[in-house]
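> Predicted coordinates and the sequence they were generated for:
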Amino acid sequence: MSVLVVVECDKGEVKKSSLEVATYGAQLAAQLGTSATAIAVGEATEDNLAKLGEQGISKVLYDKEPRLKDFVNNAYTKLIATAAQQEDAKVIVLANSNIGAAVGSRLSIRLQASLATNVVELPRTDGGQFTVKRGAFSGKAFSDVVLTGDRKIIAVKKNSIEAHHEAGKTAEVAAFSAQLGDQDFADAPKQVVMQDPAGGILLPEAERVVSGGRGMKGPENWGLIEDLAKALGAATACSKPVSDVDWRPHHEHVGQTGITVSPNLYIACGISGAIQHLAGVNSSKVIVVINKDPEAPFFKAADYGIVGDVFEVLPKLTAAVKELN
Amino acid sequence: MKFLVCISNVPDTTTKITFTPDNKEFNKAGVQFVINPWDEYALTRAIELKEANPGSTVTVLNVGEADTEPNIRKALAIGADDAIRVNAAPTDAFFVAEQIAAVAKDGGYDVILMGKESIDYNGFQVHGMVGELLGIPTVAPAMKLDMSGNAATLEREIEGGKEIVQVNTPFVASCQQPMCEPRIPNMRGIMTARTKPLKVVAATGSAARTQVTEYALPPKKQGVKLIDAANAGELIKLLRNEAKVI
């Protein structure tokens, strides 16, 4: 038996969330007294896959089928299922990403496995039970879940595990073929359209986020948010009312019915802090709130706060970051 | 075209989440339950496509106990034609997916829609499980859905972009914004919903594969440290030297 880790790659690089997943898988394997093997999906390079040794992966399976570059649900599911059978994997670990959720849910049926998504910690495996802690109620709570199946699939929430780096360790990259044919690629995308996120940082994977609400008064003022984000190397985000009126695209909407994020730093500018918004951000490690209303509920959920006008405060912060750097 | 829209019954988004004293169950006391907000995209888009394709029908499906019926009626008021309730508590995603797959197989539906995830369990699992159980494609999460005959074109959100995907019926899609503007019931809808058929069926005998043993609330913050707006640059120093996040 072993732990199988699904590693998503893009433009040759292993995604940050997959470095976290690899770390999780290696630590879990150590806990279970076995080894962690990875299976690569997406556009990978052998050099970068070998570097997964730094996270504690011993072997990486790599199918060079070129059509695996883009996400194809059936093909990815078959690829990972085949690898799981070959490696006799009792636990499969993947990212709680759009790809991870799409593949993990199909795999759970094919492999008759128990599936837990949105997992935030290593499992507890004492007393013969396998218990994971996962986010529930859209960030408002956590639940402990026992996985009763013989096989388990765990989707790890982004930014909940810190990627481990042990310089110089390499993993063996082993050629692998799941014998995929045309029928496995029947649901291949006709076209893939990538956005160019501000500053090149994707919100779901960002370590720092600068977010704006209705207090920004209009989309024309977003330059202030973007300037601070750029100086900090942060992604930009917004509250629901802002995306509802199309000041910002919906994929920047953070909250209960948008995306939930858990960066190291979340800076909220002109956001009052409705319960639905807090749900999306309250697992951030440090929260900063800037609002002119001292009674804004967000201050109760914040670590640092400035009561003041965002239009005056933001340029000062951006200048201070530039000075510090 | 036969549409099957799966809805779940969840606490309203403004709900302050609390648990029973032993932390084993969600405390439902005083909580308003609504149609899962993500499912509203699936429901409204199905109704729009029905209107554009005469002869189509929209069936609403819920796995739940009798207390979910007000929200099933609401879905009928918004414009679904009939409803099925599988009479069982939705214990986990696998159990729910098995019920949906059984109903779908029985009814010969062309398009099975649901929300991206439920805002209470946040599984983001049921769509893929149903697709796999039925051996049909799943597109998740879908931001756009257009139909032309039995061919569908969807936009699927991926991290940092989107894929344009084409599938033929039957298929499953899990829906999210900006697919459509969710509708609210009008008076005529509310009146006609009362007499639309709502069939209650027994659950198939499958068992859950996961079990929630305990809930917990996130740790409380220690309290906010306020920095004078006139001296805002001080915050950046604190973030570097004290919080160590920049």
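Arrived safely. Numbering: from 1, shown residues only, chains lettered A, B, ... in the order given.
> how far does stretch A:153-171 sit from the chain's center?
Distance of stretch A:153-171 from its chain centroid, counting by C-alpha atoms, centre = their mean, to the nearest Å, is 12 Å.
> Put the alpha carbons of that stretch into CSV.
Output of stretch A:153-171 as CSV, limited to C-alpha atoms (Å, rounded to 0.1, in the frame of the first residue of the first chain):
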residue,chain,number,x,y,z
ILE,A,153,-9.5,10.3,-1.1
ILE,A,154,-8.5,13.6,0.5
ALA,A,155,-8.8,17.0,-1.2
VAL,A,156,-6.6,19.5,0.7
LYS,A,157,-7.7,23.1,1.0
LYS,A,158,-5.3,25.6,-0.5
ASN,A,159,-2.9,27.5,1.9
SER,A,160,-3.8,25.2,4.8
ILE,A,161,-0.5,23.3,4.8
GLU,A,162,2.8,24.9,4.4
ALA,A,163,4.9,23.4,1.6
HIS,A,164,8.0,21.7,2.9
HIS,A,165,11.4,22.2,1.0
GLU,A,166,14.3,20.0,1.7
ALA,A,167,16.9,21.3,-0.8
GLY,A,168,18.7,18.8,-2.9
LYS,A,169,16.4,15.8,-2.5
THR,A,170,15.1,14.5,-5.7
ALA,A,171,12.3,12.0,-6.7
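> mean confidence for that stretch?
In this model, stretch A:153-171 has a mean pLDDT of 95.
> Would you mark the buried spots in it?
By neighbour count on 16 or more other C-beta atoms under 10 Å in any protein chain shown, the buried set for stretch A:153-171 is A:153, A:154, A:155, A:156, A:157, A:158, A:159, A:160, A:161, A:163, A:171. For glycine as for every other residue, the C-beta is placed from the backbone atoms N, C-alpha and C.
> So residue B:54 lies in a helix, does it not?
No. Assigned with DSSP: H, G, I helix; E, B strand; the rest coil, residue B:54 falls outside any helix and is coil.
> In contact with it, which residues?
Not one residue lies near residue B:54 by C-beta atoms under 8 Å, 6 or more residues apart in numbering or on different chains.
> Next: residue A:212.
Contacts of residue A:212 were listed using C-beta under 8 Å, 6+ apart, and they are A:221-222, A:225, A:236-239, A:242, A:248, A:269-271, A:310.
> If we use 10 Å, what do you get?
Residues near residue A:212 by C-beta atoms under 10 Å, 6 or more residues apart in numbering or on different chains: A:219, A:221-222, A:224-226, A:228-229, A:236-239, A:242, A:247-248, A:252, A:267-271, A:290, A:310, A:314.
> before we move on, the earlier item: among the buried residues of stretch A:153-171, which are located in helices?
Using DSSP state H, no member of those falls in helices.
> Return the closest of the residues you listed with respect to chain B.
residue A:155 (8.2 Å; C-beta to the nearest C-beta).
> and the helix or strand harbouring residue A:85, anywhere near chain B?
Residue A:85 belongs to helix A:73-86 when assigned by DSSP states H and E. Yes. Helix A:73-86 lies within reach of chain B by C-beta under 10 Å from any C-beta of the partner chain, at A:73, A:74, A:77.
> other SSEs contacting that helix?
Counting contacts by 3 or more C-beta pairs under 10 Å, 6 or more residues apart in numbering or on different chains; DSSP states H and E, helix A:73-86 packs against strand A:2-14, strand A:36-44, strand A:59-62, strand A:89-95, helix A:98-110, strand A:151-156, helix B:126-134, strand B:138-148.
> I'd guessed residue A:74 sits against residue A:107; true?
No. Residue A:74 is beyond contact range of residue A:107, at 11.4 Å (criterion: C-beta atoms under 10 Å).
> which neighbours do those two share?
Common neighbours of residue A:74 and residue A:107 (C-beta under 10 Å, 6+ apart) are residue B:132.
> residues touching residue A:9, list them.
A:15, A:18, A:40-45, A:48-49, A:62, A:68-69.
> and these near chain B, which?
Checking these against chain B (C-beta under 10 Å from any C-beta), the matches are residue A:15.
> Tell me the buried residues within the contacts of residue A:9.
Among those, the ones that count as buried (16+ other C-beta under 10 Å) are A:15, A:18, A:40, A:41, A:42, A:44, A:45, A:48, A:49, A:62, A:68.
> returning to that earlier point: wait, which of the residues of helix A:73-86 next to chain B is closest to residue B:61?
residue A:73 (22.6 Å; C-beta to C-beta).
> so how far is residue B:136 from that closest one?
11 Å (C-beta to C-beta, to the nearest Å).
> ditto for residue B:86
Distance from residue B:86 to residue B:136, by C-beta to C-beta: 20 Å.
> give the contact list for residue A:253.
The contact partners of residue A:253, taken as C-beta under 10 Å, 6+ apart, are A:203, A:211, A:237-244, A:259, A:277, A:280, B:177.
> repeat for residue B:215
With C-beta under 10 Å, 6+ apart, residue B:215 has these contacts: A:136-137, A:141-144, B:17-20, B:22-27.
> May I have the secondary structure class of it?
strand.
> out of the residues of helix A:73-86 next to chain B, which one sits closest to residue B:194?
residue A:73 (40.4 Å).
> Let me know whether that closest one touches residue B:154 as I believe.
No. Counting by C-beta under 10 Å, residue A:73 sits too far from residue B:154 to count as a contact (11.9 Å).
> and for these two, which residues touch both?
A:189, B:137, B:139, B:140, B:165.
> May I ask which of the residues you listed has the most neighbours?
Neighbour counts for the shared contacts of residue A:73 and residue B:154 (other C-beta atoms under 10 Å in any protein chain shown) peak at residue B:140, which has 27 neighbours.
> quick one on the thing from earlier: compare residue B:86 and residue B:136 (neighbour count), which wins?
residue B:86 (23 against 18).
> which residues does the more buried one contact?
By C-beta under 10 Å, 6+ apart, the neighbours of residue B:86 are B:61-65, B:95-96, B:98-100, B:102-103, B:199-204.
> backbone phi and psi for residue A:53, please?
phi -60, psi -30 (degrees, to the nearest 10).
> dump the residue contacts of it.
Applying C-beta under 10 Å, 6+ apart, the residues contacting residue A:53 are A:22, A:26, A:59, A:60, A:166, A:167, A:168, A:169, A:170, A:171, A:172, A:173.
> what do you get for residue A:259?
Contacts of residue A:259 by C-beta under 10 Å, 6+ apart are A:158, A:203, A:204, A:237, A:250, A:251, A:252, A:253, A:280, B:157, B:176.
> Isn't residue B:176 up against residue B:127?
No. Applying C-beta under 10 Å, one finds residue B:176 not in contact with residue B:127, separated by 11.1 Å.
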